[in-house]
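Colleague: have a look at this prediction, sequence included:
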Amino acid sequence: MASAFLHDLAHLEVGLRNAFDRALCDAVLAGDDHWTDRRTLRQLFPVQARPDRRTGGIRDANAIARRRVAEATARARPADGSTVLPGKIIAELPFGFWALMPTDRLERGVWRPYLHRVYGPGTHRDDVRDALDALRRFRNRVAHHECIMQGAETHRRRLVGQVRRLSEEAARDLAARSDVARLLRERP
């Protein structure tokens, strides 16, 4: 069951990252080649001072996003030091990076101008955020070999729903290739 879910979650992850990447490319500043370039990245994820409940101090709410892109860039860098291809950087960014794009703090700078276009009219950011966050937490449970049978059908429906929001064609393809529904019926 876990293997089947990981297969389907991987399809969602690739579709989500590709759709978000295409939408964010509309933000590229003159002189940059991709949204992961330093200036455009700083525009999308500017320093944003927020109270830190844990320490009682102030923290930069977007520092983690910028750091994740920097880490992905470092992992994607060819051994010979040649140019890093944006597609390699995108592939190195974890699912959690993409799943957190519809958060409240990114509504004005990322969601409204760019990412809302990925979804159909009338799609609410909060619904996307909640579904992706639930799937991110579920994916982590699956990856850490936790029991996933309780609530599995809910997660399957949420996953299919998110794929359908990205593409009806992808949802049909996933339904044809997924083993999750069959395994849930068989209850192995």
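Modeller: Happy to help now that I have it.

Colleague: can you tell me what sits against stretch 56-70?
Modeller: With contact meaning Cβ atoms under 8 Å, 6 or more residues apart in numbering, stretch 56-70 is reached by 36, 41-42, 45-52, 89, 93-94, 97, 100, 105. (Glycine included, C-beta is placed from N, CA and C.)

Colleague: filter those residues down to the buried ones, ChimeraX style.
Modeller: Isolation of the buried members of these (16 or more other Cβ atoms under 10 Å) is achieved in ChimeraX through the command below:
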select :36,41,45,89,93,97,100
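
Colleague: just the contacts of stretch 56-70: which are in helices?
Modeller: In this view, the contacts of stretch 56-70 that belong to helices under DSSP state H are 41-42, 89, 97.

Colleague: how about those residues, which pair is most distant?
Modeller: R42 and F97 (16.5 Å; Cβ to Cβ).

Colleague: now for this structure, the helix or strand with the poorest mean pLDDT.
Modeller: Least confident helix or strand of the chain, by mean pLDDT, DSSP states H and E, is strand 49-51 with a mean of 88.

Colleague: restrict whichever strand or helix holds R129 to CA atoms and write it as PDB.
Modeller: Under DSSP states H and E, the secondary-structure element containing R129 is helix 125-143. Only the C-alpha atoms of helix 125-143 are listed here, as PDB (Å, rounded to 0.1, in the frame of the first residue of the first chain):
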ATOM      1  CA  ARG A 125      -5.900  29.200  -1.800                       C
ATOM      2  CA  ASP A 126      -6.900  28.000   1.600                       C
ATOM      3  CA  ASP A 127      -8.400  24.800   0.100                       C
ATOM      4  CA  VAL A 128      -5.200  24.100  -1.900                       C
ATOM      5  CA  ARG A 129      -3.000  24.900   1.100                       C
ATOM      6  CA  ASP A 130      -4.900  22.600   3.400                       C
ATOM      7  CA  ALA A 131      -5.000  19.700   0.900                       C
ATOM      8  CA  LEU A 132      -1.300  20.000   0.000                       C
ATOM      9  CA  ASP A 133      -0.300  20.300   3.700                       C
ATOM     10  CA  ALA A 134      -2.300  17.200   4.500                       C
ATOM     11  CA  LEU A 135      -0.800  15.300   1.600                       C
ATOM     12  CA  ARG A 136       2.700  16.500   2.700                       C
ATOM     13  CA  ARG A 137       2.200  15.200   6.200                       C
ATOM     14  CA  PHE A 138       0.700  11.900   4.800                       C
ATOM     15  CA  ARG A 139       3.700  11.500   2.400                       C
ATOM     16  CA  ASN A 140       6.000  11.800   5.400                       C
ATOM     17  CA  ARG A 141       4.100   9.200   7.300                       C
ATOM     18  CA  VAL A 142       4.300   6.900   4.300                       C
ATOM     19  CA  ALA A 143       8.000   7.500   3.800                       C
END
